[in-house]
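Q: Dropping a prediction and its sequence here:
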Amino acid sequence: MRTETRPQPFYPAAAILLLWLLLWATAGCAPRGDGPEGGPELAGSVPPVSAGAAQLQSAALAGVDVLLSDSLGLVRGRRVGLLTNQTGMSAGTWPGGPGTPTSTVDALHAHPDLDLVALFSPEHGLEGGAQAGEKVASGTHLGTGLPVYSLYTETQRPLPHMLEGVDVLLFDIQDVGARYYTYVWTMALAMQAAGQAGIPFVVLDRPNPIGGEHVQGNVLDPAHATFVGLYPVPMRHGLTPGELARLLVGEYGVEVELRVVPVRGWRRSSWYEDTGLAWIPPSPNMPSVESATHYPGTCLFEGTNLSVGRGTERPFQWVGAPWLDGTVLADALNAYALPGVRFEAASFTPWQPGDGKWPGQAVQGVRFVVTDRTLYDPTRAAVAALLEAKRLAGERWQWRGAHFDALAGGPELRQGVDEGRSLEEITASWDEELAAFSRMREPYLLYP
């Protein structure tokens, strides 16, 4: 892990705003709902969604815009802290809004009914440009002059002095739906800090970009909780940040006064392309929904000496190393006949500031290609790829043991691969774990 520290000024993202303008002009905006100004209720009850909004498939309204449209009672007259990054964007269509996309920071700072007093940022910083593991220092927001407290430096949670003068703490960040992605764990730690400070925590919800129906992979062993998995959820959990926050309060004892402002017009069967929202890369190596689709599986290769293609045009869509034979590996994986995916031999050149594996060298490997994402299980596909790549690599295979076990939620997966067990043997316990998790999460779901 790198220890470089970067201060974090924040500059307006003109290109992002232009993209939002184009997409919203095409997709249109969801109509204002009928929710009460008091806003959605505490975890445990589902906020109302109008029948018309529930049927929308082509346009959604993010939680920040629902807040500013009809739930201002949650923040009116209060001093607000905001945990966000470059994905925190408002459509600007709330009453009195600019009518054009704007950052959540600017939308809240300009709003006359609240006082935005502090900003907090996760891994990758407020602009999202820092590489994985790169420490980001606290700083000042250039547009507003507000303090920006980094939660990816010496601390990963808000400290008491950071919350002084804050009456309510808001969260507005796009997640990708995988256990390893750290934004939701920054959220969890911020929830704990808010609870200890006696201030409410409000999640401005956003869609799960890879859908909310599928729950896949193993469930983390709590004894192996780390910042890439703080609580026992599956590799692909099928939850929005707001739903996960409700689960943390209801099942795992996180003590905080929680409110969730839901996305309007999102359904569990929807993928990000269905929302009408612009895709803003949540981190430098998550450029597309396609990469996010494979990430719950291929991220495991971060714990090996194979590259996942960071810095290339398709990060997390392929894996490789200089000594692999991509054709042989692709043939071996296609022989599994896994539903919804095929494997193609591929060559790519990793980039130095990415995963640091084989920088500048052409590596050989396979590309994961989705053929039916309603059937595709990226976690089982990745286990098959681990088995076959290790077999082909022989003595050249290396684990980054502690990191792999952190990602895998314990050592059992690595041990199963080392022992040469079959895919079926390694994943035999997963279905029962996933069924139990699915039953547990049911009361906390907000979307049909």
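A: Perfect, I can see it now. As the structure is a prediction and not an experimental result, all values here were calculated from the model.
Q: Span of stretch 304-324 from start to end?
A: End-to-end distance for stretch 304-324: 14 Å, by Cα to Cα, to the nearest Å.
Q: swap that for stretch 419-427, sorry
A: With Cα to Cα, one end of stretch 419-427 sits 14 Å from the other.
Q: same check, this time on stretch 245-258
A: Using Cα to Cα, the end-to-end distance of stretch 245-258 comes to 8 Å.
Q: Going by neighbour count, which residues of it are buried?
A: 245, 246, 247, 248, 249, 250, 251, 254, 256, 257, 258 (16 or more other Cβ atoms under 10 Å). Every residue, glycine included, has its C-beta placed from N, CA and C.
Q: could you give the mean pLDDT of it?
A: What stretch 245-258 shows for mean pLDDT is 98.
Q: Tell me which residues are up against it.
A: 42-44, 171, 187-188, 191-192, 194-195, 199-203, 231, 233, 239, 260, 440-441, 443-444, 446 (Cβ atoms under 8 Å, 6 or more residues apart in numbering).
Q: where does residue 243 sit relative to residue 296, distance-wise?
A: Residue 243 is 17 Å from residue 296, where distance means Cβ to Cβ, to the nearest Å.
Q: Among these two, which residue is more densely surrounded?
A: residue 296 (28 against 24; other Cβ atoms under 10 Å).
Q: Please tell me I have it right and residue 302 contacts residue 356.
A: No: taking contacts as Cβ atoms under 8 Å, residue 302 lies outside contact range of residue 356: 10.4 Å.
Q: okay, these two: which has more neighbours?
A: residue 302 (22 against 16).
Q: ok, now which ones touch that one?
A: Contacts of residue 302 (Cβ under 8 Å, 6+ apart): 308, 355, 400, 403, 404, 407.
Q: Same question for residue 175.
A: So residue 175 contacts 181, 183, 184, 206, 208, 209, 240, 241, 282 (Cβ under 8 Å, 6+ apart).
Q: In which helix or strand does the spatially most central residue of the chain reside?
A: Nearest to the mean C-alpha position of the chain, counting by Cα atoms, centre = their mean, stands residue 175 at 2.3 Å. Residue 175 is part of no helix or strand when elements are defined by DSSP states H and E.
Q: For residue 156, see how far away it is.
A: Distance from residue 175 to residue 156, by Cβ to Cβ: 16 Å.
Q: returning to that earlier point: output the buried residues of stretch 245-258 in CSV; the columns should cover distance to residue 379 and secondary structure.
A: As requested, the buried residues of stretch 245-258 are exported to CSV (distance: Cβ to Cβ, whole Å; DSSP: H, G, I helix; E, B strand; the rest coil):
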residue, distance to residue 379, secondary structure
245, 23, helix
246, 24, helix
247, 20, helix
248, 22, helix
249, 26, helix
250, 25, helix
251, 22, helix
254, 26, coil
256, 30, coil
257, 35, coil
258, 29, strand
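Q: farthest-separated two in the residues you listed?
A: Maximum pairwise distance among these (Cβ to Cβ): 17.1 Å, between 251 and 257.
Q: Identify each buried residue in stretch 126-137, please.
A: 126, 127, 128, 129, 130, 131, 132, 134, 135, 136.
Q: Pipe those residues into JSON lines and attach distance to residue 420 and pLDDT per row.
A: Shown next, in JSON lines, are the buried residues of stretch 126-137 (distance: Cβ to Cβ, whole Å; pLDDT from 0 to 100):
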{"residue": "126", "distance to residue 420": "46", "pLDDT": "96"}
{"residue": "127", "distance to residue 420": "45", "pLDDT": "94"}
{"residue": "128", "distance to residue 420": "40", "pLDDT": "93"}
{"residue": "129", "distance to residue 420": "42", "pLDDT": "91"}
{"residue": "130", "distance to residue 420": "39", "pLDDT": "90"}
{"residue": "131", "distance to residue 420": "35", "pLDDT": "90"}
{"residue": "132", "distance to residue 420": "31", "pLDDT": "89"}
{"residue": "134", "distance to residue 420": "37", "pLDDT": "91"}
{"residue": "135", "distance to residue 420": "39", "pLDDT": "92"}
{"residue": "136", "distance to residue 420": "41", "pLDDT": "93"}
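Q: I'd like to know which of these is nearest to residue 97.
A: residue 126 (21.8 Å).
Q: Just give me the neighbour total for residue 323.
A: 13.
Q: per-residue confidence for it?
A: 95.
Q: check contacts around the nearest residue to it once chain neighbours are set aside.
A: With sequence-adjacent residues excluded and distances taken as Cβ to Cβ, 6 or more residues apart in numbering, residue 323 is closest to residue 396, at 5.3 Å. Each residue near residue 396 by Cβ under 8 Å, 6+ apart is listed here: 305, 321, 323.
Q: Strands - which of those residues land there?
A: Here DSSP state E is the test, and those give residue 321 as lying in strands.
Q: May I see the contacts of residue 396 arranged in a markdown table, with distance to residue 144 as well?
A: Converted to a markdown table, the contacts of residue 396 look like this (distance: Cβ to Cβ, whole Å):
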| residue | distance to residue 144 |
| --- | --- |
| 305 | 44 |
| 321 | 46 |
| 323 | 51 |
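Q: Quick check: residue 280 vs residue 91, distance?
A: 13 Å.
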